[in-house]
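> the following comprises the amino acid sequence and a computationally predicted model.
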Amino acid sequence: MWEVAVIEDAAAAGATLDPIRARLLAELVQPGSASSLAARVGQPRQKVNYHLRELERHGLLELIEERRRGNMTERVLQATASSYVISPAALAAVEPDPARSPDRLSARWLLAVGAGLVRDVGTLITGATKAGKQVATYALDGEVRFATAHDRAAFAEELTNAVSGLVAKYHDEKVAGGRAYRVIVAVHPSIPQTASDAIRAAKTAATETAASELPANDRKES
């Protein structure tokens, strides 16, 4: 079982959006059968079995074993991953395109870039799995708390210069056998953990947005 799997097929994505099927996927992190799941999800065994077959048809479940019980065979299944991410490729007709309006300060552009990241890494994982290989990737996740909007802007400028310098240092267009890698750096507000934090964060974000729209000479740090 994989820790995370990417769903690229539209029909498979649709199957996971059904509340009962999503619950069954969550339950089947551990192997189970239609009869063992029926009581847990509060559904008749026949209905559970139907949903299981649909999930299995889309490659979201795998058969672990078959057990003979009296005059019937019980099929034991398990989810192919403990969690799933739906790739934008599953909605290709409305997939976001960062190239339409590139803006480093736009949250929606960041979302489009992030969607592309999910799509591309999902495609790489699918190909690598079929080939029995691993994908060479690297990710860094951290948190920084800025005292002022000025500090945040200064951080963004220094980060841009540092990453641009590294790219310029190691990028080689001419070397034989080289391989291109995509570099994405994102900075966004952390999601608050409590309701009061959420309200405070929303007010802060609104104030910062309003301040950023003022002429430079009119801006004041709070």
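Looks like it came in fine.

> so what's residue 35 up against?
Residues in contact with residue 35 (C-beta atoms under 8 Å, 6 or more residues apart in numbering) are 45, 74. (C-beta placed from N, C-alpha, C; glycine too.)

> which residues in the protein form helices?
According to DSSP state H, the chain carries its helices in the segments 10-16, 19-27, 34-41, 45-57, 107-131, 149-170, 195-212.

> which other helices and strands contact the shortest one?
Applying 3 or more C-beta pairs under 8 Å, 6 or more residues apart in numbering; DSSP states H and E, one finds that helix 10-16 contacts helix 19-27, helix 45-57, strand 84-86.

> swap in 10 Å and give it another go.
Under the contact criterion of 3 or more C-beta pairs under 10 Å, 6 or more residues apart in numbering; DSSP states H and E, the helices and strands touching helix 10-16 comprise strand 5-7, helix 19-27, helix 45-57, strand 84-86.

> domain parsing for the chain?
The chain breaks down into these domains under automatic domain parsing: 5-85, 99-188.

> so what's residue 188 up against?
Listed by C-beta atoms under 10 Å, 6 or more residues apart in numbering, the contact partners of residue 188 are 107, 110, 111, 114.

> out of the helices and strands packed on helix 10-16, which one sits most buried?
Among these, judged by mean count of other C-beta atoms under 10 Å, the one packed with the most neighbours on average is strand 5-7 (a mean of 21).

> what sits up against that one?
Outside of strand 5-7, the residues that reach it under the criterion C-beta under 10 Å, 6+ apart are 13-16, 58-60, 79-87, 89-90, 118-119, 121-126, 129.

> hmm, residue 52 is touching residue 32, no?
Yes. At 9.1 Å, residue 52 counts as touching residue 32 under the criterion of C-beta atoms under 10 Å.

> list the residues that contact both of the two?
In terms of C-beta under 10 Å, 6+ apart, residue 52 and residue 32 are both contacted by the residues 24, 77.

> let's have the helices of the chain in TSV, adding distance to residue 140.
Shown next, in TSV, are the helices of the chain (distance: least, C-beta to C-beta, whole Å):
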stretch	distance to residue 140
helix 10-16	29
helix 19-27	29
helix 34-41	39
helix 45-57	34
helix 107-131	14
helix 149-170	11
helix 195-212	23
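
> next, format those as CSV and append mean pLDDT and distance to residue 66.
Below are these laid out as CSV (pLDDT from 0 to 100; distance: least, C-beta to C-beta, whole Å):
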stretch, mean pLDDT, distance to residue 66
helix 10-16, 93, 23
helix 19-27, 95, 19
helix 34-41, 92, 12
helix 45-57, 95, 13
helix 107-131, 92, 25
helix 149-170, 96, 53
helix 195-212, 59, 49
